[in-house]
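Participant: Sequence first, then the predicted structure:
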Amino acid sequence: MAGPRGIGTAVAFDWGLVAQMLFVASAYLFGFGPGGMMAGGSVAGGMRAVVAVGALIAAVPCFLLGEGIRRGFRPARPLQVVLNALLTFAGIVTLPSTIVDVRGGHYSGIVRSAILLLSASICCVASSSRLRCCNSRRARRSLDAR
């Protein structure tokens with residue numbers, strides 16, 4: 001019997017979110033990239049720092065979830081499935097606004113929608129197949145033997 005699947009996908013997804021949040025935090029803090037608009041004169045540097053710290057704080061649970069899945073912490077798998085299902089639902093909800101943005105010539109929403117609809121759903125399915133696999137006695141014995 002093949003071993004459980006989806007662990008690498010889930011960890012890569014979580015750690016990818018961590019990398020994005022670290023980039024966003026530095027962008028807001030230093031006023032470049034997506035934080036360039038906040039670097040204008042209307043927003044004080046203190047507010048940029050608050051947003052950067054908020055992004056860093058948001059990265060911690062994503063890192064811990066990815067690390068929990070990588071280490072085999074059992075409660076992390078169902079949590080991963082639920083969170084990715086919610087992200088997929090968010091992608092469905094934001095799809096109409098993405099279509100409006102594309103019609104208006106703004107194409108950056110396509111990336112967001114693609115990540116939410118494709119990556120999160122693939123991660124959800126892969127992780128949930130891991131859950132089904134681990135619920136059988138035979139799979140648990142083979143995992144414990146490793």
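Facilitator: That came in fine, so what should we check first? Numbers count the residues shown, from 1 in each chain.
Participant: Which element, helix or strand, includes Val51?
Facilitator: Using DSSP states H and E, Val51 sits in helix 45-71.
Participant: Need the contact partners of stretch 19-37.
Facilitator: When contacts are defined by CB atoms under 8 Å, 6 or more residues apart in numbering, stretch 19-37 is touched by residues Met38, Ala39, Arg48, Ala49, Val51, Ala52, Val53, Ala55, Leu56, Ala58, Ala59, Cys62. Any C-beta I mention is one placed from the backbone N, CA and C, and that applies to glycine too.
Participant: Farthest-apart pair in the residues you listed, please.
Facilitator: For the contacts of stretch 19-37, the farthest-apart pair by CB to CB is Ala39 and Cys62; their separation is 25.5 Å.
Participant: hmm, back to that, elements contacting the helix holding Val51?
Facilitator: helix 7-30, helix 76-103 (3 or more CB pairs under 8 Å, 6 or more residues apart in numbering; DSSP states H and E).
Participant: buried ones in it?
Facilitator: Within helix 45-71, the residues that count as buried by 16 or more other CB atoms under 10 Å are Arg48, Val51, Ala52, Ala55, Leu56, Ala59, Cys62, Phe63, Leu65, Gly66, Gly68, Ile69.
Participant: Looking at these, spot the one nearest Ile115.
Facilitator: Cys62 (13.8 Å).
Participant: In contact with the closest one, which residues are there?
Facilitator: Asp14, Trp15, Leu17, Val18, Met21.
Participant: Tell me where the model's unsure across the protein.
Facilitator: 1-6, 33-45, 124, 126-146 (pLDDT under 70).
Participant: Now mean neighbour count and distance to Ile110 too, for the helices and strands packed on helix 45-71, in a markdown table please.
Facilitator: Listed next are the helices and strands packed on helix 45-71 as a markdown table, based on neighbours: other CB atoms under 10 Å; distance: least, CB to CB, whole Å:
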| stretch | mean neighbour count | distance to Ile110 |
| --- | --- | --- |
| helix 7-30 | 18 | 16 |
| helix 76-103 | 16 | 6 |
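Participant: can you tell me which of those comes nearest to Arg112?
Facilitator: Among the helices and strands packed on helix 45-71, the nearest to Arg112 by CB to CB is helix 76-103 (7.1 Å).
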